[in-house]
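In: Need a 3D model of the sequence below.
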Amino acid sequence: MEYELKCISTAGVTEAIAKVELYRSLNEPEEAESICRDILTIAPLHQLALRLLGLALTDQFIGGASDRYREAEEAFQKLIDPYERLYYAGILYERRAKAQLNAGQPPHTLLPLFEQALRSFAEAEKIRPTGNDDAILRWNRCVRLLQTPAYVSVLWEQERVPFDAQDTPPTGRI
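Out: Got it, this is the predicted structure:
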């Protein structure tokens, strides 16, 4: 027996969006992703569904090769509002870096991702809607993470290694 997906009704989109938010809050991003895809089947440029799809995909990041970074990026790039495109690009880089950090990647290798996040948040801040400080809040979170003693000490160790590696005693052979 072959199963086929069914289309939801246009009248059900609002309720479906509410379910997406519920499933994300319940830490069930796969359920949220599925509903977003149902909405986008009937309304391919539904802005809230695109935003929530991108977030649901980033909720599933584990810092490995299976992370669907490109899919999340594509969803965010379809957002019409330039502020939202920049802000959610920053979220994407930040979450990718955090997932890789949690997966055990060396912090110094993740600095470029955090820097991309910071650039996106800085650009979003310039065009943010009045009273919307979300880009500043995310900027501050990234900066605080980069300033944590554990992160800074690992970076310091990484910078010191090349100096020590080249400072070897003479071997005595000529």
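In: where does Pro112 land in three-state SS?
Out: helix (DSSP: H, G, I helix; E, B strand; the rest coil).
In: So what's the residue count around it?
Out: By other CB atoms under 10 Å, 11 other residues sit near Pro112. C-beta here means a position set from N, CA and C on the backbone, and glycine is covered the same way.
In: Please report the distance of it from Arg119.
Out: Distance check for Pro112 against Arg119: by CB to CB, to the nearest Å, it reads 10 Å.
In: so where's this structure uncertain?
Out: 151-174 (pLDDT under 70).
In: Identify the residue nearest the geometric centre of the protein.
Out: Computing the C-alpha centroid of the chain and ranking residues by CA atoms, centre = their mean puts Leu92 first, at 2.2 Å.
In: show me the contacts for that one.
Out: Residues in contact with Leu92 (CB atoms under 8 Å, 6 or more residues apart in numbering) are 54, 58, 69, 72-73, 76, 117.
In: Likewise for Tyr69?
Out: By CB under 8 Å, 6+ apart, the residues touching Tyr69 are 61, 92, 96.
In: Tell me the secondary structure at the second one.
Out: Secondary structure of Leu92, reduced to three states by three-state DSSP: helix.
In: ok, now how distant is it from Arg128?
Out: Taken as CB to CB, the span from Leu92 to Arg128 is 18 Å.
In: rewinding a little: and the contacts of Leu92, which is closest to Ser9?
Out: Gly54 (24.0 Å; CB to CB).
In: What count of nearby residues applies to that closest one?
Out: Gly54: 27 neighbours (other CB under 10 Å).
In: Might one say that it is in contact with Glu84?
Out: No - using CB atoms under 8 Å, Gly54 is not in contact with Glu84; the gap is 10.0 Å.
In: So for these two, which residues contact both of them?
Out: Phe76.
In: and Gln105, which of the three is it?
Out: Gln105 is classified as coil under three-state DSSP.
In: how about it, what does it touch?
Out: Gly63.
In: same question, Gly104
Out: Gly104 neighbours (CB under 8 Å, 6+ apart): Gly63.
In: Look up how far Ser120 lies from it.
Out: 25 Å.
In: Gly54 now?
Out: In terms of CB to CB, Gly54 sits 13 Å off from Ser120.
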